[in-house]
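> The following comprises the amino acid sequence and a computationally predicted model.
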Amino acid sequence: MNILLRHIVERLVRIGNLKITGPDGTTVRFGDGSGEPVHVRIKTRHAERTITFHPTLALPEAYMEGELDMVEGDVLALLKIAYQNMGPTGSVDAAWARAIEGLRVAFRRLQQINTAGRAKRNVERHYDLSGELYRLFLDEDMQYSCAYFERGDMTLEEAQLAKKRHIAAKLKMKPGQNVLDIGSGWGGLGLYLAKSFDAEVLGVTLSTEQHSVSTERARAEGLDDRVHFELRDYRSLSERFDRIVSVGMFEHVGVNHYRTFFDKAATLLKPDGVMLLHAIGRAGPPSATNPFIRKHIFPGGYIPALSEVLPHIEKAGLFVTDVEILRLHYAETLKHWRQRFLANRERAKDIYDERFCRMWEFYLAGSEAAFRWQDMMVFQIQLARRNDAVPITRDYIGKCEKALSMHEIAHGATAEPKPKRSRKKVV
């Protein structure tokens, strides 16, 4: 293990139980020996060198390429040691690290020029992967966003249904209203609102795969007369809507385009309308996208601080009528996804390959770690064009959720756990 990397890890890891074996076979211990033991083996000098100078990108890439292996513990356990030593903001007490982070923040706008064409290409990189891959780890409704765990013992299916209830309640839906779903995914939320409130729903997405699946779902459920999904950029819309919802899409807008997003939302929302924005955010100050996530998982993506979002809402002339911060809900969601992915890893390998599986393992573990031990959270911002568009207390939210839950029970629409899939290889 080279002297510089050893010095960096010694300065970082003060607590924990970490062993690193370098390419020369030498093993070095770090930390105070507390907690779960973690043992990493760096197999090549190339990986050792790149991790020394750019750990946030080179470490996951070395794992992807098989140049780094976990001998004891897993990726989540390794990241727990790193993040608990760095603290919630992920800061490293080193001049070179602060300099690199400063450059990343300075150049982040160049990485987020998400024009309509580039936004579509970015979406294709992630959301147009095989639908079968997502079915390996998502719930039956294909909800690819933070669930809402009202109780600690909820299944993923129950928590995702609770999320849809929670959002519907905040929209203060009324029967027969028309709804715009910006970034409609595989259609689950739009279909839920149509069935629960007899609503007319337009869902827009830039993913060909998601559009195909959601359109077929609407047809299969006999809702294609009221629910329409279009392969379309929200910026091209001109209709007006009673309600607007956007879940898990704002992370792809990019800080350069926040003003456009909220200006457009204000234009599309009727004077007495209500909008609910559900997105990942950071509790700390503005930063830059993790380089591994930006390069391999979500090109063009960015997780904002609330301080970057609220000024654009104000300039668009919208009222912020409610803000809720969901803290550990996404960590629990990602835990379920990671466990399901690992249980079906062999099938994922059949669909893609070992490198892809290792990349996806790091993505899911890294995301869970960020929500558990760094400053990642989810915000739900309720917006309106009028100050009196929603009641002056939040009591209506719980009442609506209870009514929806009773309606679901009466109509047999409660969430069922996803059946376990075999790890056996499919040929």
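Looks like it came in fine.
> Quick check, residue 380 in contact with residue 326.
Yes - between residue 380 and residue 326 there is a contact at 6.9 Å, judged by CB atoms under 8 Å. For the C-beta atoms, the positions are set from N, CA and C on the backbone; glycine is no exception.
> Helices of the stretch 1-150 of the chain, start to end?
Ranges of helices in the stretch 1-150 of the chain, per DSSP state H, counting those that start in this stretch, are 3-12, 45-53, 55-64, 75-86, 95-106, 116-127, 131-135.
> worst average pLDDT in those?
Mean pLDDT is lowest for helix 95-106 among these, at a mean of 47.
> Give me the pLDDT value at residue 136.
pLDDT, read off for residue 136, is 96.
> so how far is residue 366 from residue 76?
Note on residue 76: its distance to residue 366, by CB to CB, to the nearest Å, is 8 Å.
> Quick one: low-confidence residue ranges for the protein.
89-125, 413-427 (pLDDT under 70).
> got the domain boundaries for it?
As given by automatic domain parsing, the domain ranges for the chain are 3-86, 116-410.
> What is the end-to-end distance of the first one?
Pointing back at domain 3-86 there. End-to-end distance for domain 3-86: 21 Å, by CA to CA, to the nearest Å.
> show me the contacts for the closest residue to residue 235 other than its chain neighbours.
Once flanking residues are discounted, residue 235 sits nearest to residue 264: 6.0 Å by CB to CB, 6 or more residues apart in numbering. Shown in contact with residue 264 (CB atoms under 8 Å, 6 or more residues apart in numbering): 234-235, 237.
> of those residues, buried ones?
Among those, those classed as buried by 16 or more other CB atoms under 10 Å are 234, 237.
> just checking, next helix/strand downstream of the longest strand belonging to the chain?
For the chain, the longest strand by residue count, based on DSSP state E, is strand 269-282. On the C-terminal side of strand 269-282, the nearest following helix or strand under DSSP states H and E is helix 291-292.
> Please list the residues outside that next one that contact it.
Under CB under 8 Å, 6+ apart, the answer for helix 291-292 is 54, 56-57, 60-61, 104, 362-363, 366.
> hmm, try it at 6 Å
Residues from elsewhere that reach helix 291-292 (CB atoms under 6 Å, 6 or more residues apart in numbering): 56-57, 60.
> returning to what we had before: which stretch of helix or strand covers the residue nearest to residue 235?
Per DSSP H and E: residue 264 is located in helix 258-268.
> Sort out which residues of the biggest helix by length in the chain are buried, please.
Ordering each helix of the chain by length in residues (DSSP state H) puts helix 354-373 first. In terms of neighbour count (16+ other CB under 10 Å), helix 354-373 has its buried residues at 356-373.
> what helices or strands is the helix or strand following that helix leaning on?
Downstream of helix 354-373, the first helix or strand assigned by DSSP H and E is strand 376-384. For strand 376-384, the packing partners by 3 or more CB pairs under 6 Å, 6 or more residues apart in numbering; DSSP states H and E come out as strand 269-282, strand 319-326.
> Dump the ones you listed to CSV, plus mean neighbour count and distance to residue 2.
Output for these, formatted as CSV (neighbours: other CB atoms under 10 Å; distance: least, CB to CB, whole Å):
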stretch, mean neighbour count, distance to residue 2
strand 269-282, 21, 33
strand 319-326, 16, 42
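> Out of those strands, which is closest to residue 347?
With CB to CB as the measure, strand 269-282 is the member of the helices and strands packed on strand 376-384 nearest residue 347 (27.5 Å).
> Restrict the closest one to CA atoms and write it as PDB.
Provided in PDB are the C-alpha atoms of strand 269-282 (Å, rounded to 0.1, in the frame of the first residue of the first chain):
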ATOM      1  CA  LEU A 269     -51.400  25.500 -12.900                       C
ATOM      2  CA  LYS A 270     -54.900  26.900 -12.800                       C
ATOM      3  CA  PRO A 271     -55.500  29.900 -10.400                       C
ATOM      4  CA  ASP A 272     -57.000  27.700  -7.700                       C
ATOM      5  CA  GLY A 273     -54.600  24.800  -8.400                       C
ATOM      6  CA  VAL A 274     -52.300  22.900  -6.100                       C
ATOM      7  CA  MET A 275     -48.900  21.400  -7.000                       C
ATOM      8  CA  LEU A 276     -46.800  18.800  -5.000                       C
ATOM      9  CA  LEU A 277     -43.100  18.500  -5.700                       C
ATOM     10  CA  HIS A 278     -41.400  15.400  -4.300                       C
ATOM     11  CA  ALA A 279     -37.600  15.300  -4.800                       C
ATOM     12  CA  ILE A 280     -34.300  14.400  -3.200                       C
ATOM     13  CA  GLY A 281     -32.500  17.300  -1.600                       C
ATOM     14  CA  ARG A 282     -29.600  18.000   0.700                       C
END
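> Which secondary structure elements does it sit against?
Under the contact rule (3+ CB pairs under 6 Å, 6+ apart), strand 269-282 is packed against helix 156-171, strand 241-247, strand 376-384.
> Just checking the distance from that strand to the centre of its chain.
Chain-centre distance of strand 269-282: 17 Å, with CA atoms, centre = their mean, to the nearest Å.
> just stretch 163-171 next, same as before
18 Å.
> Which residues does that stretch contact?
147-148, 189, 192, 243, 274, 276, 382, 397, 400-401, 404.
> List the buried residues in it.
For stretch 163-171, by 16+ other CB under 10 Å, it's 163-171.
> ok, and the most crowded of the contacts of helix 291-292?
residue 60 (28 neighbours; other CB atoms under 10 Å).
> Compute the first-to-last residue distance for stretch 203-211.
One end of stretch 203-211 sits 9 Å from the other (CA to CA).
> So what touches that stretch?
Defining contact as CB under 6 Å, 6+ apart, one finds that stretch 203-211 is touched by 120, 123, 127-128, 131, 181, 184-186, 190, 229-232, 234.
> In strands, which of those fall?
181, 229-231.
> So which of these is the closest to residue 289?
residue 181 (24.9 Å).
> Which residue is the nearest non-sequential neighbour of the closest one?
Counting by CB to CB, 6+ apart, residue 203 is the residue found nearest to residue 181 once chain neighbours are left out, at 4.1 Å.
> Looks to me like that neighbour is in a helix.
No - looking at residue 203 with DSSP: H, G, I helix; E, B strand; the rest coil, it is strand, so not inside a helix.
> Just the buried ones among the contacts of stretch 203-211, please.
Neighbour-count burial (16+ other CB under 10 Å) is assigned, among the contacts of stretch 203-211, to 120, 123, 127-128, 181, 184-186, 190, 229, 234.
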